[in-house]
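A.B. asks: Model the structure of this input:
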Amino acid sequence: MVLDCFRIDDKPILPIKVTDPYNRNSVEIEALIDTGFSGYLLIPPSVYNKINSIELENQRAYATLNGIVKTRVAKAIIKIGKIELLDAFVESPIMGREISLIGRELQKMLRIEFRKGKEVCLEDP
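C.D. replies: Predicted coordinates:
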């Protein structure tokens, strides 16, 4: 069953609400669906610092075209349209660009359908 659809232009960008599960601080962002990023939800450090109360000790590292990128990881509640993921994570590069990406780990938690390149629909997982 389709829960929500989003119109897209030239890039598959979705509105997302990220909430800190401990202090309930929330931030709304837009993130690009990126099948090349294997992590969860990559967010800029400026956003991450507002919602990282439950930060994990271990960092993650990714090999990119620009070299190794290390990220900090925190538990978060992620809401995309009507779908709320309570057991999710956000990541933020220790050094890097201000960019938001929906990675494959988060995509596996969703059912995403691209419709004629004009909209992205999320189905009940």
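
A.B. asks: what bridges to the most centrally placed residue in the chain?
C.D. replies: Closest to where the C-alpha atoms of the chain average out (C-alpha atoms, centre = their mean) is Leu41, at 2.5 Å. Beta-bridge partners for Leu41, by DSSP bridges, are Val90, Ile102.

A.B. asks: give me every residue that touches it.
C.D. replies: The contact partners of Leu41, taken as C-beta atoms under 8 Å, 6 or more residues apart in numbering, are 16, 18, 31, 76, 78, 88-91, 100-103, 106. (Glycine included, C-beta is placed from N, CA and C.)

A.B. asks: Could you name the helices and strands sitting against the helix or strand of the chain with the lowest mean pLDDT?
C.D. replies: Every helix and strand of the chain was ranked by mean pLDDT, DSSP states H and E. The lowest is strand 2-7, at a mean of 81. Applying 3 or more C-beta pairs under 8 Å, 6 or more residues apart in numbering; DSSP states H and E, one finds that strand 2-7 makes contact with strand 119-123.

A.B. asks: Centre of the chain to the strand it packs on, how far?
C.D. replies: Distance of strand 119-123 from its chain centroid, counting by C-alpha atoms, centre = their mean, to the nearest Å, is 15 Å.

A.B. asks: by how many degrees do it and strand 2-7 diverge?
C.D. replies: Per axes from the mean of the first three to the mean of the last three C-alpha atoms, to 10 degrees, the angle that strand 119-123 makes with strand 2-7 is 160 degrees.

A.B. asks: Identify all contacting residues around strand 119-123.
C.D. replies: Outside strand 119-123, the residues within contact range by C-beta under 8 Å, 6+ apart are 1-8, 12, 14, 33, 80-83, 110-115.

A.B. asks: Got a quick ChimeraX command for the buried subset of those residues?
C.D. replies: Selecting only the buried entries of the contacts of strand 119-123 in ChimeraX, with 16 or more other C-beta atoms under 10 Å as the criterion:
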select :8,12,14,33,80,81,83,110,112
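
A.B. asks: List the pairing partners of the next helix or strand after the least confident helix or strand of the chain within its sheet, with orientation.
C.D. replies: Note on strand 2-7: by DSSP states H and E, the next helix or strand toward the C-terminus is strand 13-19. Using DSSP bridges, strand 13-19 pairs in its sheet with strand 26-33 (antiparallel), strand 67-80 (antiparallel).
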